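[1] structure, please.
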Amino acid sequence: MIRTDGLVHRYGDTIAVDGVSVSIDDGECVVVAGANGSGKTTLVRHFNGLLEPDAGIVEVNGRAVAEDLVAARTAVGMVFQEPRDQLVAATVGADVAFGPENLGLNRAEIDRRVETALSAVNLDGREEQPVTDLSGGERERVAIAGALAMEPDHLVLDEPFTGLDAPARASVLDRLRALATEGTSVVIVTHDLRDVLDLADRVLVMADGAVAVDDDPSGARASLLRYDVEDPGRTGPRC
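    Here you go, the predicted structure:
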């Protein structure tokens, strides 16, 4: 479980997250929506200690994040909005293997995780390709694969579908759905709900640093336009 209680974060005199208390259960698929600047990214960056709260509590699996950053960052996989922020190696395979290698896993297990993760984002067999040769959408897929290869308890993705073509998007959505079924909590941060609203168990809508809506997808739809969130009105399988 991921839990915040009274979480506050400031940038100078600006309050970006204002007293947020939420819980995300194991295996739950949660969409965090809201207009740009509503506090979505600031909120989720506390889940693995990338940001420190000015007030309040953040816990992962029953332990305060601040007490053990390594444990929190192992338990919570994060895919950033800009994939260049997390690509660290020269080739696709080496980049996806970086996290599992740091866990001290044996080579066979690392290779299995890399193969499985690349398959999930339609990049099978491209382990030796230099990351500098990739398109923006392909870099996004490598970043997602790197997080998947860590096999975290919780996976947080910030605007993960930007630049993905339809087959890649469908493949990633299928994998996220399977992860939630297997007990991994999935948090998708977005301001545009196309392809994701009907995947969710819950929708959190952020506005002015606070949670304005916390409801199931059908209940949340009525409030979306009020908070400048696009509602495509589409249906699809839930994760």
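[2] and stretch 82-101, what's buried?
    83, 86-87, 89, 91-100 (16 or more other CB atoms under 10 Å). Quick note: C-beta positions are derived from backbone N, CA and C, even for glycine.
[3] again with stretch 129-141
    Buried residues in stretch 129-141 (16+ other CB under 10 Å): 129, 131, 134, 138-141.
[4] endpoints of it, how far apart?
    13 Å (CA to CA, to the nearest Å).
[5] same thing with stretch 204-222?
    13 Å.
[6] from the chain's centroid, how far away is that stretch?
    18 Å (CA atoms, centre = their mean, to the nearest Å).
[7] buried set for that stretch?
    Buried, per 16+ other CB under 10 Å, within stretch 204-222: 204-207, 209-213, 217, 220-221.
[8] again with stretch 169-176
    Of the residues in stretch 169-176, those buried (16+ other CB under 10 Å) are 169, 171-173, 175-176.
[9] please identify which of these is nearest to A149.
    Comparing those against A149 with CB to CB places R175 closest, at 11.7 Å.
[10] helices or strands next to the helix or strand of the chain with the lowest mean pLDDT in the packing?
    Within the chain, no helix or strand scores below helix 166-181, which has a mean of 85 by mean pLDDT, DSSP states H and E. Packing partners of helix 166-181 (3 or more CB pairs under 8 Å, 6 or more residues apart in numbering; DSSP states H and E): strand 29-33, helix 107-120, helix 136-149, strand 154-158, strand 185-189.
[11] out of those, nearest to V65?
    Per CB to CB, nearest to V65 of the helices and strands packed on helix 166-181: strand 154-158, 11.7 Å.
[12] need the residues that contact the closest one.
    The contact list for strand 154-158, computed with CB atoms under 8 Å, 6 or more residues apart in numbering, reads 2, 24, 26, 40-41, 44, 47-48, 60, 75-81, 144, 147-148, 176, 179, 184-189.
[13] what do you get if the cut-off is 6 Å, keeping everything else the same?
    2, 41, 44, 47, 76-81, 184-189 (CB atoms under 6 Å, 6 or more residues apart in numbering).
[14] now swap in stretch 89-97 and tell me
    So stretch 89-97 is in contact with 87, 98, 110, 114, 117, 126-131, 142, 145-146, 149, going by CB under 6 Å, 6+ apart.
[15] G56: which of those residues is nearest?
    G146 (29.5 Å).
[16] could I get the buried residues of stretch 204-222 as a markdown table with pLDDT and distance to V196?
    Below are the buried residues of stretch 204-222 laid out as a markdown table (pLDDT from 0 to 100; distance: CB to CB, whole Å):
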| residue | pLDDT | distance to V196 |
| --- | --- | --- |
| L204 | 96 | 13 |
| V205 | 94 | 13 |
| M206 | 95 | 15 |
| A207 | 94 | 19 |
| G209 | 97 | 22 |
| A210 | 97 | 22 |
| V211 | 97 | 18 |
| A212 | 95 | 18 |
| V213 | 94 | 15 |
| P217 | 90 | 10 |
| A220 | 88 | 12 |
| R221 | 83 | 13 |
